[in-house]
Structure formats: C-alpha cells, structure tokens
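Peer 1: Dropping a prediction and its sequence here:
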Amino acid sequence: MTATDTEPTTITITVNGSPEITSARTLQAWVDARGVLPAALATAVNGNFVPRSQRAQQLLAEGDTILTFQPIEGG
C-alpha cells in the first residue's frame, strides 16, 4: 500500500478562528460530532455559506476554515 492509497485519519481545520483536529470528512459529520441540532447552527466553509441541505456533500480537507453562527429567523 502506498501513501496515496490511504487518507490521514485526522485533519486540522480552523473553527471560528481556533485550530481543531477532526476525523470528520464532511461538514455534516462535523456538525453531528458536535452534538448540536443542525437547525440551530448555520455554517460556512472557506467563506462560503453551506445550507443544511448541502452539508453532507461538503467535503472537509486539511486547512479548511469553518465559521459557525446562529441562523437568522424572522418574519
């Protein structure tokens, strides 16, 4: 097996300005690991807003930056 056959088990990302080590490979897996209700958290990766419906498709990579914030609700 060569180095290209395997991925590292953890990556380092930046979350709200702080480094964090994670084994999550998608934004959805990262949110799930935090134990918060998905609807209670809005997310952006590398400065791009990621809707809840697209979190499972948003891959995470070494060096990515995640910003979390409270979703804005109103009427």
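Peer 2: Great, that's in hand.
Peer 1: tell me the pLDDT at the most centrally placed residue in the chain?
Peer 2: Most central in the chain under CA atoms, centre = their mean is Leu27, positioned 3.3 Å from the mean C-alpha point. Note on Leu27: pLDDT of 97.
Peer 1: Gly35 now?
Peer 2: pLDDT, read off for Gly35, is 88.
Peer 1: Measure how buried Arg34 is and give me the count.
Peer 2: A total of 13 residues lie near Arg34 under the criterion other CB atoms under 10 Å. Where you see a C-beta, it was placed from the backbone N, CA and C, and this is true even at glycine.
Peer 1: repeat for Ile21
Peer 2: 8.
Peer 1: Let me see the backbone angles for it.
Peer 2: With angles defined as degrees, to the nearest 10, Ile21 sits at phi -100, psi 130.
Peer 1: List the contacts of it.
Peer 2: Contacts for Ile21 (CB atoms under 8 Å, 6 or more residues apart in numbering) come out as 10-12.
Peer 1: hmm, 6 Å instead?
Peer 2: Contact analysis of Ile21 by CB atoms under 6 Å, 6 or more residues apart in numbering lists 10, 12.
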